[in-house]
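**Q** Next input, structure requested:
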Amino acid sequence: MSLMPLKDAVATGILSKRSISIWCNLIHLSIDGGERLDKIIKIPMLRDPVQSMYIRKVNSVIKNHKGPLVQEFRIRFDLDCGNNRAIDCWLQFVMNKKVQTLELDLMNHVKFRMPANSYDFPLHFLTENGRIFLELHYLKKLVLKGVNVREAILRNILTTSPHLDS
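**A** Next up, the predicted model:
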């Protein structure tokens, strides 16, 4: 099941209780909005409801995940600064699960976004003395699209993630 898209793995949970316990322990979580949602979100009056639906989907996956770790965590959907609280919670999940590959593609199929409207990597992950308490020691790969990262945060990620590929 770890080779299946998450959507298909979750769908198999309907078939048996054993399947439910298996997908809740997957170590590869790639949560792509899909082509249909990507088309619908372009309709201005549907943007907020579609983003809310996607966020609920991701939150449900995180809430039900029972495994001790997640090797890959990928988010691919058009999200912006209005979704900070949810994305911050996902980063907390990433830290707790010792993720090795983190991809936040918050501009999925979006050609351009003003930096003021992009998600800001959270400053509350910095302590007062500028040290980061974001536990990314296991991180090997980091992909950020549509994410503003302050220099202090980036410097700390680079210095506290010894396995990060350059």
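**Q** ok, then the element right after the helix ranked longest in the chain?
**A** Under DSSP state H, the helix in the chain containing the largest number of residues is helix 47-64. Per DSSP states H and E, helix 47-64 leads on to strand 72-76 as the next helix or strand towards the C-terminus.
**Q** For that following strand, which strands pair with it and how are they oriented?
**A** According to DSSP bridges, strand 72-76 forms sheet pairs with strand 28-32 (parallel), strand 101-105 (parallel).
**Q** which residues touch the last one?
**A** Under the contact criterion Cβ atoms under 8 Å, 6 or more residues apart in numbering, strand 101-105 has outside partners 71-77, 87, 94, 119, 136, 139-147. Just so you know, the C-beta spots here come from the backbone N, C-alpha and C atoms, and that holds for glycine as well.
**Q** where do the strands sit along this protein?
**A** Here the chain has its strands, by DSSP state E, at 28-32, 72-76, 101-105, 119-120, 141-145, 147-148.
**Q** could you redo these as CSV and give each row distance to Val61 and mean pLDDT?
**A** Converted to CSV, the strands of the chain look like this (distance: least, Cβ to Cβ, whole Å; pLDDT from 0 to 100):
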stretch, distance to Val61, mean pLDDT
strand 28-32, 6, 86
strand 72-76, 10, 93
strand 101-105, 15, 94
strand 119-120, 19, 91
strand 141-145, 19, 93
strand 147-148, 20, 93
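**Q** closest one to Arg155 among these?
**A** strand 141-145 (13.5 Å; Cβ to Cβ).
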